[in-house]
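Undergrad: Any chance you could fold what I've pasted below:
(one chain, ligands or ions: 1)
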Amino acid sequence: MENNQYQKTMAGYSGEEGDLIPILQGIQTDLGYISEEAVRGVSHFLKVSESQVYGVASFYSQFRFNPPGRNSVKVCLGTACHVRGGQILIDQVERELGILPGQTTADMRYDLQRVACLGCCALAPVVAINDDIYSRMTVVLLKKTLSEYE
Ligand code: FES
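TA: Alright, predicted model coming up:
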């Protein structure tokens, strides 16, 4: 199933090195992340090493290497949010969930991402969980809010 999906994405490309980013974008759109199997497939298709594929993909924060959790937690670390405690919030989420940005909890309940701006800087610090935006977030409120997402 997964194999078919990324093979289908690659089928639209000629196999040039410059195809790497668009192929990775296509795989991420289809699978929700870049799996190890996909990295191997892309490496083989483009005739570049797996570490080159990882190297390029990990340079861009848009790519993730873990399957998304049921709930996607995005902590904003843009300038406005950073100066108003965004880092404290992300530290709290890391401790609470036991994961780092880009990772997913073992029970697949949450994944965590840091983002550059959620577009509502006047309400910083901001955290998004799935499509819900939480403004003027605090550590105490964040803990309670997280628990409401199954
Ligand atoms: S910097 Fe956080 S919403 Fe803009």
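
Undergrad: what does the helix or strand bottoming out on mean pLDDT in the chain contact?
TA: Within the chain, no helix or strand scores below helix 2-11, which has a mean of 74 by mean pLDDT, DSSP states H and E. Identification of contacts with helix 2-11 by C-beta atoms under 8 Å, 6 or more residues apart in numbering yields 23, 26, 27, 30, 31, 35, 37, 38, 41, 42, 45. Every residue, glycine included, has its C-beta placed from N, CA and C.

Undergrad: Buried among those residues? Need that as a selection in ChimeraX.
TA: In ChimeraX, a selection of the buried entries from those looks like this (16 or more other C-beta atoms under 10 Å):
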select :23,26,27,31,35,38,41,42,45
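
Undergrad: State which one residue of the protein is found closest to the ligand.
TA: The chain approaches the ligand most closely through residue 78 (2.4 Å), counting by C-beta to the nearest ligand atom.

Undergrad: can you pull out the helices in the chain?
TA: According to DSSP state H, the chain carries its helices in the segments 2-11, 20-31, 36-46, 50-59, 79-83, 86-97, 139-147.

Undergrad: So for residue 117, which of those sits nearest?
TA: helix 79-83 (7.7 Å; C-beta to C-beta).

Undergrad: Give me the helices and strands touching that closest one, please.
TA: Using 3 or more C-beta pairs under 8 Å, 6 or more residues apart in numbering; DSSP states H and E, no helix or strand is in contact with helix 79-83.

Undergrad: let's see it at 10 Å
TA: helix 86-97 (3 or more C-beta pairs under 10 Å, 6 or more residues apart in numbering; DSSP states H and E).

Undergrad: relative orientation of the helix it packs on and helix 139-147 in degrees?
TA: 50 degrees (axes from the mean of the first three to the mean of the last three C-alpha atoms, to 10 degrees).

Undergrad: Great, nothing more from me.
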